[in-house]
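A.B. asks: Test case, fold it:
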Amino acid sequence: MSDARVGLVIEDDHDIRELVRTVLTQAGFDVTVASSGAEGVLVAKTISPDVITLDLGLPDIDGFEVSRQIREFSDAYIVMLTARTEELDTLIGLESGADDYLTKPFRPRELRARVAAMMRRPRSSAEAADTPAEVPAEAGGHPERGNYSHNGLELSYASRTVQVDGTEMNLTRTEFELLHALLEAGRTVRTKSDLVRRLRDEDYDVGSYISEADERSVEVHMGNLRKKLGDSPQQPRWLQTVRGVGYRLAPSAH
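C.D. replies: Now for the predicted structure:
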């Protein structure tokens, strides 16, 4: 089937590898496994997966480096799995290109829920609206359609592309969703909790539990997004931090 979803499990522990394979298979993925980092990078190039689960403690290359290498050619969702619990490891993982992070031991149900939320995000024009319309960023818009233009930045939701002054940006899917959420909201502030729920494909006001680690992950993703866009926190062109609250779109340059 042309719309078959492909999963890749990069894990050296046999039992965990088979557990994750089972979880993804039951979720409808065609799953391939790899037991080392080098093998995982090679397989990722070959099969173009939609979702990758990645162990940090691999025997050859650590998961951070594997993630960086995969990010050079793939926008697959990456979920890091690790027995480490230190916040620093979490942040390095996200900075190396991962979209999410689970600490072992994890509940299979939680992994499946995280992957399901990721896969609900549109990835191509076929999953977006049929006829995109030009929507000024300040005016807000609809997540299902529209092109956004703001201070030299152009975002097309249908084609999942972002350009800055005519140069196309290579954003992860998570970074794209965060940028789209701010463009859609215009000058309305989105709290970190709002943005966590957006990434989970939940309504902003559902009241689900958001941890400090969830909010910190948004900060890291926003930091990565800023670096890629070349935006300045002190004099923002697009991403304005509202201290202690969240983020909003910077004012239009006139």
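
A.B. asks: can I assume D60 is in contact with G40?
C.D. replies: No. Applying CB atoms under 8 Å, one finds D60 not in contact with G40, separated by 9.6 Å. In this view, the C-beta of every residue, glycine as well, is placed from N, C-alpha and C.

A.B. asks: And these two? Which one has more around it.
C.D. replies: A direct count of neighbours by other CB atoms under 10 Å for D60 and G40 places G40 higher, at 31 against 13.

A.B. asks: pLDDT weak spots in the stretch 101-250 of the chain?
C.D. replies: Applying pLDDT under 70 to the stretch 101-250 of the chain flags residues 121-146, 204-208.

A.B. asks: Tell me where it has helices.
C.D. replies: For the stretch 101-250 of the chain, helices defined by DSSP state H, counting those that start in this stretch occupy the ranges 108-119, 173-185, 192-199, 212-229.

A.B. asks: I'd like to know which of those helices is closest to D13.
C.D. replies: helix 108-119 (14.7 Å; CB to CB).

A.B. asks: Next, the angle helix 192-199 makes with that closest one.
C.D. replies: With axes from the mean of the first three to the mean of the last three CA atoms, to 10 degrees applied, the angle from helix 108-119 to helix 192-199 works out at 80 degrees.

A.B. asks: tell me which element V66 is part of?
C.D. replies: Following DSSP states H and E, one finds V66 within helix 63-71.

A.B. asks: actually P251, sorry about that
C.D. replies: With DSSP H and E as criterion, P251 is part of no helix or strand.

A.B. asks: Setting the sequence-adjacent residues aside, check what's closest to it.
C.D. replies: Counting by CB to CB, 6 or more residues apart in numbering, R187 is the residue found nearest to P251 once chain neighbours are left out, at 7.3 Å.

A.B. asks: wait, that neighbour sits on R248?
C.D. replies: Yes. Counting by CB under 8 Å, R248 is a contact partner of R187 at 5.7 Å.

A.B. asks: which one of these two has more residues nearby?
C.D. replies: The neighbour count for R187 versus R248, taken as other CB under 10 Å, is higher for R248 (18 against 14).

A.B. asks: need the contact list for the residue nearest to the more buried one when sequence neighbours are not counted.
C.D. replies: Closest residue to R248 apart from its sequence neighbours, by CB to CB, 6+ apart: V189 at 4.5 Å. Residues in contact with V189 (CB atoms under 8 Å, 6 or more residues apart in numbering) are V242, V245, G246, Y247, R248.
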